[in-house]
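[1] what follows is a predicted structure for the sequence shown.
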Amino acid sequence: WFMGLILFSIPVVIKTEMEDEKFNIVFFLVGLLIIGVLEYFNLKNPVNQVDTVINVKNSLILAGLGVIGGISMIFPGLSGSMVMLVLGKYETIRSLIDNLTTFKMNIIIQLAIFGIGALIGVVVCAKVLLLSNDDENKSFCIGFRTPPYDDTGLPHILEHSVLCGSRKFPVKEPFVELMKSSLNTFLNAMTFPDKTCYPVASCNDKDFTNLMDVYMDAVLYPNIHTNEKIFLQEGWHYELEKVDGELTYNGVVYNEMKGAFSSPDGILERESLNALFPDTEYGVESGGNPDAIPTLTYDAFTNFHKKYYHPSNSYIIIYGNTNMEEKLAWLDKEYLSAFDAIEIDSKIHVQKPFDKVVEREVEYPVSQAQGTENKTYISYNVALPSNTTVIDSWGLDIVTQVLLEAAGAPLKQALLDEKIGEVINGSYESSILQPVFSINTVNANVSDKERFVNKIEEELNKVIVNKLDKNALKAAINGYEFKLREADYGGMSKGLIY
């Protein structure tokens, strides 16, 4: 039945492909020939049982099959099972899985070798996601996992610096030139606590390809390795305005973060994240602490780029109404084919649970005229498991809306009734490995801390017992659905949000 379905679908596939002027019957026939030859040798040497011998040869074969299977999972439309069938190894892998319940050590070891190979196959390849649709506002993004290891702001400074000239575009500031001359609908770069992303968007296809070219060249071939002045400009440098003047620090990111560290809301957000994940990459400041930025060296800066800005550590997304086949071929020819697949350790670690609740007090600047009364921020934060699914995440986001944002939100109202601070807000942050649920009060006093915590836990326990109001939940779900259907993302296009 399965073979009949496949054979019957071939004319349909050919007809569909023939509608595209670029369909090449030669490639189709070559593909059929390769599969036919492989199947001929598979039939001559059938493998229907598990090879119980563990040696170097069998281990290498299993690891290689795992790598191939892992790679096949990355490419849309390519099935790992189909690839194993073509290679004549489907029965081998299936038999290993079927015999797993025998708990024989040799079976477990062989499956482990295959699994490690599959993991390597997934990790070492550039991941490309294509979202083809009729949206004329095309989007492109290349992102790298960039785990920081200190407070020097390495990922942030690098994000600025790669956009200061590259191999094909050696002008001083190609980013500024694009802002002036491009037809882009979006052009930016962002540093997150664990990744750095370079998104662009345009409705003009030629302009879109040009934007892709500039950004790909910038991230893979920046001039930072031959021009140290870029690091000094974007990161930090000494500055002396007068011969007898004071020696000061200057730099684009340095000055930006001085401003960020003077904002109480920004300080609260960073310190909360650092306190929740002290033993992980989230325990340091990816944007850069002004006190630590001047300790960053040029060698550490360039080595960070060499290590993490590689296609094997990237995720590329193309969205919209464009010729995906053409764009993929262009990406491969111009950039990806020049790199070998390598294994890069950019793992984000999971924070182990604390033995007890952690409390941290941090100061922020206020003027003498303001004083400190009613100027305290209090924040209650909880880290959630790293295996939270998309559905779980949506559900928790909706629950947060009902508790803290909707009209008559019970948790928010309970805190306001207690007169703890003047403003109550909260959030559910799911963009990092371990999602975070936060509740904050603004313009409170240090003495309000115990009441704040007790009231939150009291109200949450009430919700567990009495459940949330069904009408409030339905309203929040409807609002969430409307936002998704209407693509109401605050002025940003769907492609950029995706």
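    The structure has been received and is ready for your questions.

[2] from here on, contacts and neighbour counts on C-alpha atoms
    Noted.

[3] can you classify residue 450 as helix, strand or coil?
    For residue 450, the secondary-structure state derived from DSSP: H, G, I helix; E, B strand; the rest coil is helix.

[4] local confidence estimate at it?
    Residue 450 carries a pLDDT value of 94.

[5] neighbours around it, how many?
    By the other CA atoms under 10 Å criterion, the neighbourhood of residue 450 contains 9 residues.

[6] ok, it - contacts?
    For residue 450, no residue meets the contact criterion (CA atoms under 8 Å, 6 or more residues apart in numbering).

[7] ok, it to residue 457 distance?
    Distance of residue 450 to residue 457, computed by CA to CA, to the nearest Å: 11 Å.

[8] do the same with residue 496
    To residue 457, residue 496 is 37 Å away according to CA to CA.

[9] what's the answer for residue 96, then?
    As defined by CA to CA, residue 96 lies at a distance of 49 Å from residue 457.

[10] quick one: which of the two has more around it?
    Applying other CA under 10 Å to residue 96 and residue 457 shows that residue 96 carries more neighbours, namely 20 against 12.

[11] wait, the more buried one sits on residue 112?
    No - counting by CA atoms under 8 Å, residue 96 does not reach residue 112; the two are 10.4 Å apart.

[12] wait, residue 421 touches residue 441, no?
    Yes - in this structure, residue 421 sits in contact with residue 441. The criterion is CA under 8 Å, and the distance is 5.6 Å.

[13] pick out whichever of those two has more residues nearby.
    Neighbours were counted for residue 421 and for residue 441 using other CA under 10 Å; residue 441 has more, 24 against 21.

[14] list phi and psi for the more buried one.
    Dihedral angles phi and psi of residue 441 (degrees, to the nearest 10) take the values phi -130, psi 140.

[15] tell me who's in contact with it.
    Neighbouring residues of residue 441 by CA under 8 Å, 6+ apart: 377-379, 420-425.

[16] kindly provide the distance from it to residue 415.
    Residue 441 sits 9 Å away from residue 415, taking CA to CA as the criterion.

[17] mutual contacts of these two, please.
    Listed contacts common to residue 441 and residue 415 are residue 424; contacts here mean CA under 8 Å, 6+ apart.

[18] so, low pLDDT: which residues of the stretch 351-498 of the chain?
    The model of the stretch 351-498 of the chain has pLDDT under 70 over residues 491.

[19] do the stretch 101-250 of the chain as well
    Residue ranges of the stretch 101-250 of the chain with pLDDT under 70: 118-126.

[20] and the strands in it, which stretches?
    Residue ranges of the strands in the stretch 101-250 of the chain, as given by DSSP state E, counting those that start in this stretch, are 127-132, 138-145, 184-187, 190-191, 195-202, 237-239, 248-250.

[21] wait, which of the ones you listed is closest to residue 291?
    Nearest to residue 291 among those is strand 248-250 (10.3 Å), distances taken as CA to CA.

[22] next SSE downstream of that closest one?
    Note on strand 248-250: by DSSP states H and E, the next helix or strand toward the C-terminus is helix 252-260.

[23] so what secondary structure elements neighbour that next one?
    Helix 252-260 sits against helix 154-161, helix 228-234, with contacts defined as 3 or more CA pairs under 8 Å, 6 or more residues apart in numbering; DSSP states H and E.

[24] which strands and helices lie in contact with the longest one?
    Under the contact criterion of 3+ CA pairs under 8 Å, 6+ apart, helix 154-161 touches strand 190-191, helix 228-234, helix 252-260, helix 298-308.

[25] swap in 10 Å and give it another go.
    Judged by 3 or more CA pairs under 10 Å, 6 or more residues apart in numbering; DSSP states H and E, the packing partners of helix 154-161 are strand 190-191, strand 195-202, helix 205-220, helix 228-234, helix 252-260, helix 298-308.

[26] what do you get for the shortest one?
    Taking 3+ CA pairs under 10 Å, 6+ apart as the contact definition, the neighbouring helices and strands of helix 228-234 are helix 154-161, strand 237-239, strand 248-250, helix 252-260, helix 298-308.

[27] quick one: contacts of it?
    Among residues not part of helix 228-234, those counted as contacts by CA atoms under 10 Å, 6 or more residues apart in numbering are 156-165, 172, 223-225, 235-238, 250-255, 296-299, 301-302.

[28] swap in 6 Å and give it another go.
    Contacting residues not belonging to helix 228-234 are listed as 251-253 [CA atoms under 6 Å, 6 or more residues apart in numbering].

[29] quick one: contacts for the most centrally placed residue in the chain?
    The chain has residue 195 as the residue nearest its centroid, 5.8 Å off, counting by CA atoms, centre = their mean. Neighbour list for residue 195: 144-146 [criterion: CA under 6 Å, 6+ apart].

[30] ok, of those residues, which one's closest to residue 431?
    Of these, the one sitting nearest to residue 431 (CA to CA) turns out to be residue 145, at 12.7 Å.

[31] dig out what the closest one forms beta bridges with.
    Counting by DSSP bridges, residue 145 forms beta bridges with residue 195.

[32] pull out the buried positions in stretch 202-211.
    By neighbour count with 16 or more other CA atoms under 10 Å, stretch 202-211 contains the buried residues 202-205, 207-209, 211.

[33] make CSV out of those and add distance to residue 489.
    As requested, those are exported to CSV (distance: CA to CA, whole Å):
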residue, distance to residue 489
202, 17
203, 18
204, 22
205, 23
207, 24
208, 21
209, 25
211, 23
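
[34] which residue, other than its chain neighbours, is closest to residue 249?
    Nearest residue to residue 249 in three dimensions, chain neighbours excluded: residue 238, at 4.8 Å (CA to CA, 6 or more residues apart in numbering).

[35] let me fix that, I meant to ask about residue 436.
    With CA to CA, 6+ apart as the measure, residue 383 is the residue that lies nearest to residue 436, at 4.7 Å, once sequence neighbours are left out.

[36] what's the neighbour count on that neighbour?
    17.

[37] got it, and residue 293?
    Using other CA under 10 Å, the number of residues around residue 293 comes to 24.
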